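Asker: Below are the sequence and a predicted model; questions follow.
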Amino acid sequence: MHPTLLECLTVQDVRNIENIKLDQLTNITILYGENGSGKTSILEAINILGLSRSFRTNKINTVIRKNRPECIVFGNLREENSERLTPLGISRSSDGKRKIQANQLEIKRISELARLLPIQVIDAQAFKLLEGGPKERRQFLDWGVFHVEHQFVLLWAKLERSVKQRNATLRQYKVNTTPLQVEIWDREIYTLAEPIHRLRKSYFNRFNERFCEIWRKINSGIEIELQYDKGWSVDQPLDAELKQRFELDKRRGLTSIGPHRATIDIISAGRPAHLILSRGQQKLVVSALKITQGQLLRDYLSKKTIYLLDDLPSEFDKSNRKVICRLLEDIDAQLFLTCVEADSLKGCWKNETQVKMFHVEHGTVTEV
Ligand SMILES: Nc1ncnc2c1ncn2[C@@H]1O[C@H](COP(=O)(O)OP(=O)(O)OP(=O)(O)O)[C@@H](O)[C@H]1O
Ligand SMILES: [Mg+2]
């Protein structure tokens with residue numbers, strides 16, 4: 001597989017953007033302009049193209065330009081060192097309808113779309129990966145497992161269904177639910193748990209190794225350790241533990257252990273990192289984690305990750321800005337960066353690097 005580049009982007013009716021086109025894009029695109037000019041909206045549009053939704057909200061109606069029926073984002077993906085182009089387009093309308101096309105063929109599943117355009121976002125909410133619940137970090141781990149291990153998505157879908165069914169059964173009969181009624185789902189979850197765990201564990205090991213290398217390069221003097229938690233006890237088979245937890249699960253109406261509870265713990269000096277680190281330091285850890293994902297995608301699939309870096313300069317001092325930009329450059333990802341001042345990322349790139357700059361004003365863009 002050859003890495004693909006989002007070479008051209010058209011955005012229509014996303015927030016204050018009526019219609020813009022960014023052409024002949026390269027690895028690095030900087031969008032600068034005043035507050036409220038539409039910079040983050042362009043990043044949101046790219047996220048819509050890759051995942052059908054914004055990273056700021058799930059409510060598409062707030063993203064669609066006021067008084068317009070739908071928003072449309074279109075992009076051309078070009079395979080590097082080849083003439084092969086994949087046109088990709090998506091429309092989302094305020095009545096909830098969605099239409100996705102790649103190469104003139106309709107795409108029904110978001111997972112198909114996500115494979116075409118792997119996206120990582122680093123914005124002001126980045127710290128949530130550390131501070132948020134275990135789900136945030138499980139989804140983060142699964143992003144990589146999904147891309148690298150193709151059988152994962154099917155196993156995961158089956159697991160999600162089984163857990164839902166078990167929870168529904170636990171709630172259905174309330175105090176009268178018997179272990180026998182959930183047994184079928186216990187077995188399903190048990191059967192799926194090992195293969196899911198193996199895929200995650202194998203990805204995590206590679207991830208951890210790469211992360212340590214990247215973290216060493218950042219040279220922050222902060223100690224960070226990553227631990228993978230598979231979601232149930234290490235010293236007990238899951239089926240036995242599910243049985244043991246039956247009464248507790250019945251009371252709560254949910255399945256308290258299993259691979260759907262897996263996560264990564266991010267530890268600094270023996271404690272959860274977010275309890276100790278400053279906001280800037282947290283952003284540094286999150287950036288390193290997200291850069292590791294792009295590095296692995298590059299290593300194992302020769303794929304380029306798209307990074308949406310919303311106001312990267314904020315919360316980073318000059319030297320951290322530079323170190324993060326260099327790392328992002330080194331993994332050969334495609335970067336879209338926003339900032340208020342045109343020159344706040346000056347000197348962050350290698351001399352020979354080609355950087356495309358666009359000035360964003362009242363929802364329009366001008367190349368400079
Ligand atoms: N649905 C909508 N329709 C029209 N305009 C909208 C809609 N939603 C938001 N806006 C406006 O679109 C503009 C785009 O905001 P955006 O967040 O992209 O700005 P920004 O350039 O990232 O600013 P900042 O530097 O403050 O982060 C804002 O002025 C906002 O008020
Ligand atoms: Mg913004």
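Answerer: Structure received. Residues are numbered from 1 along each chain as shown. Ligands and ions are numbered 1, 2, ... in the order given.

Asker: need the contact list for residue 79.
Answerer: 2-4, 85-86 (C-beta atoms under 8 Å, 6 or more residues apart in numbering). From N, CA and C alone the C-beta is placed, and that goes for glycine too.

Asker: Check residue 300 too.
Answerer: Here residue 300 is in contact with 148, 206 (C-beta under 8 Å, 6+ apart).

Asker: Secondary structure element holding it?
Answerer: If you go by DSSP states H and E, residue 300 is part of helix 279-301.

Asker: next helix or strand past that helix?
Answerer: strand 306-309.

Asker: how about that next one against ligand 1, any contact?
Answerer: No: judged by C-beta under 6 Å from any ligand atom, strand 306-309 and ligand 1 are separated, with a smallest distance of 11.5 Å.

Asker: so after that strand, what's the next helix or strand?
Answerer: Following strand 306-309 toward the C-terminus (DSSP H and E): helix 318-330.

Asker: for whichever helix or strand comes after that following helix, what is the average pLDDT?
Answerer: Note on helix 318-330: by DSSP H and E, the next helix or strand toward the C-terminus is strand 334-339. For strand 334-339, the mean pLDDT works out to 98.

Asker: Give me the helices and strands touching the next helix or strand along the chain from strand 334-339, please.
Answerer: Counting by DSSP H and E, the element after strand 334-339 in chain order, helix or strand, is strand 355-361. Applying 3 or more C-beta pairs under 8 Å, 6 or more residues apart in numbering; DSSP states H and E, we find strand 355-361 packed against strand 28-32, strand 364-367.

Asker: Burial-wise, tell me which of those comes out on top.
Answerer: The highest mean neighbour count among the helices and strands packed on strand 355-361, using mean count of other C-beta atoms under 10 Å, belongs to strand 28-32: a mean of 22.

Asker: Please name the strands paired to it in the sheet, noting orientation.
Answerer: strand 334-339 (parallel), strand 355-361 (parallel) (DSSP bridges).

Asker: got the ones you listed as a markdown table, with distance to ligand 1 columns?
Answerer: Below are those laid out as a markdown table (distance: least, C-beta to the nearest ligand atom, whole Å):
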| stretch | distance to ligand 1 |
| --- | --- |
| strand 334-339 | 6 |
| strand 355-361 | 6 |
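
Asker: tell me the secondary structure for the closest residue to residue 174 other than its chain neighbours?
Answerer: In this structure, residue 174 finds its nearest non-sequential neighbour in residue 250, 8.0 Å apart by C-beta to C-beta, 6 or more residues apart in numbering. Following DSSP: H, G, I helix; E, B strand; the rest coil, we place residue 250 in the helix state.

Asker: Residue 250: neighbour count?
Answerer: The tally of other residues near residue 250 (other C-beta atoms under 10 Å) stands at 21.

Asker: wait, what's in contact with it?
Answerer: Neighbours of residue 250 in contact, by C-beta under 8 Å, 6+ apart: 170, 174-175, 177.

Asker: And it, how far from residue 285?
Answerer: For residue 250, the distance to residue 285 equals 39 Å [C-beta to C-beta, to the nearest Å].

Asker: Around the closest residue to residue 293 other than its chain neighbours, how many other residues sit close by?
Answerer: Leaving aside its chain neighbours, residue 293 sits nearest to residue 144 (5.2 Å; criterion: C-beta to C-beta, 6+ apart). For residue 144, the count of nearby residues is 22 (other C-beta under 10 Å).

Asker: which other residues reach stretch 168-180?
Answerer: By C-beta under 8 Å, 6+ apart, the list of residues contacting stretch 168-180 reads 181-182, 185, 243, 246, 249-250, 253-255.

Asker: between the residues you listed, which is closest to ligand 1?
Answerer: Nearest to ligand 1 among these is residue 254, at 36.1 Å by C-beta to the nearest ligand atom.

Asker: For the closest one, give its distance to residue 196.
Answerer: From residue 254 over to residue 196 (counting by C-beta to C-beta), the distance is 18 Å.

Asker: and what of residue 262?
Answerer: Distance, residue 262 to residue 196, by C-beta to C-beta: 8 Å.

Asker: What average pLDDT does the helix or strand hosting residue 50 get?
Answerer: Assigned by DSSP H and E, residue 50 falls within helix 39-51. Mean pLDDT, helix 39-51: 98.

Asker: do stretch 132-143 as well
Answerer: On average, stretch 132-143 scores 98.

Asker: Quick check: buried residues in it?
Answerer: 137-138, 140-143 (16 or more other C-beta atoms under 10 Å).

Asker: So residue 129, which state does it fall into?
Answerer: helix.

Asker: Show me which residues of the stretch 251-368 of the chain sit near ligand 1.
Answerer: residue 340.

Asker: Determine the longest helix present in this protein.
Answerer: helix 179-218 (DSSP state H).

Asker: on that earlier part again, give me the more crowded residue out of residue 254 and residue 196.
Answerer: residue 196 (25 against 14).

Asker: ok, the more buried one - contacts?
Answerer: 152, 155-156, 159, 259, 262.

Asker: What of residue 242?
Answerer: By C-beta under 8 Å, 6+ apart, the contact set of residue 242 is 186, 189-190, 249, 255, 257-258.
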